[in-house]
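1. Structure, please.
(2 chains)
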Amino acid sequence: MSGIFASMLDGLLIGSIYGLAAMGLSLIWGVMNVINLTHGAMIALGMFGTYLLYSALTTSPYLLLLPIIGGGLILGIVVYWIAIHWVIGRPMLMSLLSTFAINMMIIGTGTALWSTSPYNVNFSLPGLTIGEYTFTGNHIAAASAAVVIALALQLFLSKTRPGKAIRAVTDNREAAELMGISSTTVLALAFGMGIALAAASGALVSTLFPFTILSGAVYQLKSFVVTVLAGLGKPFGALVAGMLLGLLEGVVTPFIAVSWIPLIEFALFVVVLVAFPKGIFGKAAS
Amino acid sequence: MKRVILFAFLLFVFLAPVVLAQQTITVGFTVSKTGALNVDSLEQYRGFELWRDQINAAGGIKAGGKSYQVQFVNYDDESNSKRVQQLYSRMILQEKADFLFSPYSSSLTATAAVVTEQYGKIMLTSGAAEEKTYKLGNHYLYQMFAPAMHYLEVALDALKSKDPKATVAFVYEDASFSVAVVTPAIDYAKKLGFNVVFTEAYAPNTTDFGPILDKLIASKATVLLGGGHYTDGSTLARQLYGRKASLKMITLLVAPDSSQWVELGDAGQGVMVPSQWEPQTTFKAQYGPSGADFEKAYIAKYNSPPSYESAGGYACGLILQRAIELAGGLDNNKVAQALDATDITTFYGQTRFSAASSDHGLQVGHSLVLAQWQKDKSGKLSKQVVWPLAARSADMLYPIR
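-> I've put the predicted structure just below:
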């Protein structure tokens, strides 16, 4: 196997996690028009949730995804009622400030509890070796879990009654309310689901790399790039865009220093905003 | 008479604290209790702390007919240079620190040195190997570590003896210390006739080495040199092992010296580290405890073996102590003169500072060894000195896998 194909495959694996992380941001953005600045902190909480549960239960961290998603959903709904509900429909700056404040509270509390020293989830699965290159079992499992969660979300949104309600509120909140849908309940659920997705992506990242309470910031930035690439409010598009972003990283890294990658990603961010303001999947989704 | 007694009493009340305070030496420094430098910085701090506790238990530093108890003022710098700048100013101006020890790492020390020089305060540095800071015309800065340019020379010399045709890659943290180590090491490798097939610096907060490792494997390098500090170095070693990179030799800076390295298990085996000091290095101490006594006291206090950061921290205290004794007190300039004239061997090895104005305070007496993590007969990982041959405690394991 040549180096570039190995690099591309690596990029796809990590890109699926970028995609999952971005799905939460995209869902919240699309449904309630809120740019959720707690996103990075929630990803970090997913990492620490996995670490704490794994330390206590020593079971597979992939099984721990269920309590992490459940915990994220509940936390998201609580945060919605505390900080989001009161600013829905008001200028976007209000929700930005509100979510930023919650983000700072989580970071501050997390720093006090766990410091900013790195933590590891010491769990490893056997990898897959092709020629000279080995793809770790954790990367493969994390990417697979990300795709499964994304598909489950897609099924939930398209096949279930609450999922259809979320889509209805996304399309036209007033019309949905006239049809008897409680938009407040739907918004709370959507925010909870967005946070659950962020926490799940954090849980998967924790099985791959060391992390601190500040580690979510990197994935939050990548989530913005992916969300813009996919088009605002298109969760499944975010997964595909995340994989494309990972693939792009894989294609370019053999030729340039890795430290140039953020520059390329944010240049792409600007180009997409200017050339495709609705994202590369904008037309199809609309 | 009453007035005289009252006057004497008031004089005692007001002057006693001043007189008593003079019996205490305040040494200030920051510790990275949190952040990326936490592991290495804590080990350095333990060295400071053990020295303080031992010297105070022995009655303090005796100079000019007085005994001085050592007290510390220290704060968490969060591995952040902005905090270092604020805290060193605070320790000098508000806490009235008599002398300073450096924070951990070259970059944080460079920031601290600006402040200590501004106020003309002596600072002994440990864990700060980059030469540049000592070439800025500083007058009160003294380096305990052998300079950065020598770090990888020991590894390349050892490699030359084992495999002169090895192909070498350098993957290292894009931070002042590791850049200062690797830049001359690349030249040295070429001078020794090695084919340097891949070099890349990574951001200090890197956790995903996958893209770099793909390039490393594609380069067909057989030897990897580099790293930076504990967090990135241990992550790099884990990911090299996870990806089954077929390297014959891995030498990383700083990280493998920590006793926490055993937590890496098989991923840590065979990895080498250029070291400022190892328990196996036996120097005949002209001053202070022997290496065995230091190691024994350290293990008794912390229940883990000392690293070279710990030894460097303790040696900072010893060298400052000796300079105060020779100066006969706390006068800043007299202590600086004593430090300038230092040429002594302690358990840590030789210490001598450059007196030249071009690089005043640079360490010119101390030398490095190369240590390697090897499994003993019971399968337990332990660190052995493998280079130079005269100082080795075990043969070098090559290839490592």
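
2. okay but B:A113 is in contact with B:N138, surely?
-> Yes. Here B:A113 reaches B:N138: they are 6.1 Å apart, a contact under C-beta atoms under 8 Å. C-betas here are computed from N, CA, C, even on glycine.

3. which of the two has more neighbours?
-> B:A113 (24 against 18; other C-beta atoms under 10 Å in any protein chain shown).

4. Could you tell me whether that one really is in a helix?
-> Yes. B:A113: assigned to a helix according to DSSP: H, G, I helix; E, B strand; the rest coil.

5. how about it, what does it touch?
-> B:102, B:123, B:125, B:133, B:136, B:138, B:141 (C-beta atoms under 8 Å, 6 or more residues apart in numbering or on different chains).

6. Check those against B:A203 and report the nearest one.
-> B:T133 (22.0 Å; C-beta to C-beta).

7. Can you report how many residues neighbour the closest one?
-> When neighbours are counted by other C-beta under 10 Å, B:T133 registers 27.

8. Next one: the closest residue to B:N195 other than its chain neighbours relative to chain A, how far apart?
-> Counting by C-beta to C-beta, 6 or more residues apart in numbering or on different chains, B:N195 lies nearest to B:T167, which is 4.9 Å off, once chain neighbours are set aside. Distance of B:T167 to chain A, computed by C-beta to the nearest C-beta, to the nearest Å: 14 Å.

9. What about B:T167, how many residues nearby?
-> A count of nearby residues for B:T167, using other C-beta under 10 Å, gives 16.

10. still on that earlier bit, considering only the contacts of B:A113, which also neighbour chain A?
-> Counting by C-beta under 8 Å from any C-beta of the partner chain, nothing from the contacts of B:A113 sits close to chain A.

11. In ChimeraX, how would I select the buried members of those residues?
-> Burial among the contacts of B:A113 is assessed by 16 or more other C-beta atoms under 10 Å in any protein chain shown; the matching ChimeraX selection reads:
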select /B:102,123,125,133,138,141
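
12. Okay, and which of the contacts of B:A113 map to strands?
-> Counting by DSSP state E, the contacts of B:A113 place B:123, B:125, B:141 in strands.

13. partner residues bridging the second one?
-> To tie it back to what came earlier, the one meant is B:T125. Bridge pairing for B:T125 (DSSP bridges) gives the partners B:Q143.

14. doesn't B:Y140 make contact with it?
-> No. B:T125 is beyond contact range of B:Y140, at 10.9 Å (criterion: C-beta under 8 Å).

15. which parts of the stretch 51-200 of chain B sit against chain A?
-> Contact residues (C-beta under 8 Å from any C-beta) of the stretch 51-200 of chain B with chain A: B:78-79, B:174, B:200.

16. between these, which is nearest chain A?
-> Nearest to chain A among these: B:E200, at 5.8 Å, using C-beta to the nearest C-beta.

17. Give the helix, strand or coil label for residue 208.
-> Looking at chain A here, since you left the chain open. coil.

18. Now for the closest residue in space to A:A200 that isn't next to it in sequence, how many residues are close by?
-> Leaving aside its sequence neighbours, A:A200 sits nearest to A:I69 (C-beta to C-beta, 6+ apart; 5.3 Å). A:I69: 20 surrounding residues under other C-beta under 10 Å.

19. Any chance you could list what contacts the helix or strand where A:I69 lies?
-> Using DSSP states H and E, A:I69 sits in helix A:65-79. Defining contact as C-beta under 8 Å, 6+ apart, one finds that helix A:65-79 is touched by A:38, A:42, A:45-46, A:49-50, A:53, A:102, A:145, A:149, A:188-189, A:191-200, A:202-204.

20. Among the residues you listed, which are located in helices?
-> A:42, A:45-46, A:49-50, A:53, A:102, A:145, A:149, A:188-189, A:191-200, A:202-204 (DSSP state H).

21. residues from chain A in reach of chain B?
-> A:2-3, A:6-7, A:10-11, A:14, A:111, A:115-118, A:122, A:124, A:127, A:129, A:132-136, A:138-139, A:208-211, A:215, A:218, A:249-250, A:253-254, A:257-259, A:261.

22. Using CSV, list the CA coordinates for stretch B:156-176.
-> Output of stretch B:156-176 as CSV, limited to C-alpha atoms (Å, rounded to 0.1, in the frame of the first residue of the first chain):
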residue,chain,number,x,y,z
LEU,B,156,23.8,9.6,17.3
ASP,B,157,27.2,8.5,18.7
ALA,B,158,25.6,5.3,20.1
LEU,B,159,23.9,4.7,16.7
LYS,B,160,27.1,5.2,14.8
SER,B,161,28.7,2.4,16.9
LYS,B,162,25.8,0.0,16.2
ASP,B,163,24.5,0.8,12.7
PRO,B,164,26.5,3.4,10.7
LYS,B,165,24.2,2.9,7.7
ALA,B,166,21.0,3.6,9.5
THR,B,167,18.4,6.0,7.9
VAL,B,168,17.4,8.6,10.3
ALA,B,169,14.1,10.6,10.8
PHE,B,170,13.6,13.6,13.1
VAL,B,171,10.0,14.2,14.3
TYR,B,172,10.0,16.8,17.0
GLU,B,173,7.9,19.3,18.9
ASP,B,174,7.8,22.8,17.4
ALA,B,175,8.9,24.4,20.6
SER,B,176,12.1,26.3,21.5
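
23. got the residue ranges for the helices in the stretch 101-250 of chain B?
-> Secondary structure of the stretch 101-250 of chain B (DSSP state H, counting those that start in this stretch): helices at B:106-118, B:151-162, B:176-191, B:210-218, B:230-242.

24. wait, which of those is closest to B:E43?
-> helix B:230-242 (9.2 Å).

25. Looking at that closest one now, give me its mean pLDDT.
-> Averaging pLDDT along helix B:230-242 gives 93.
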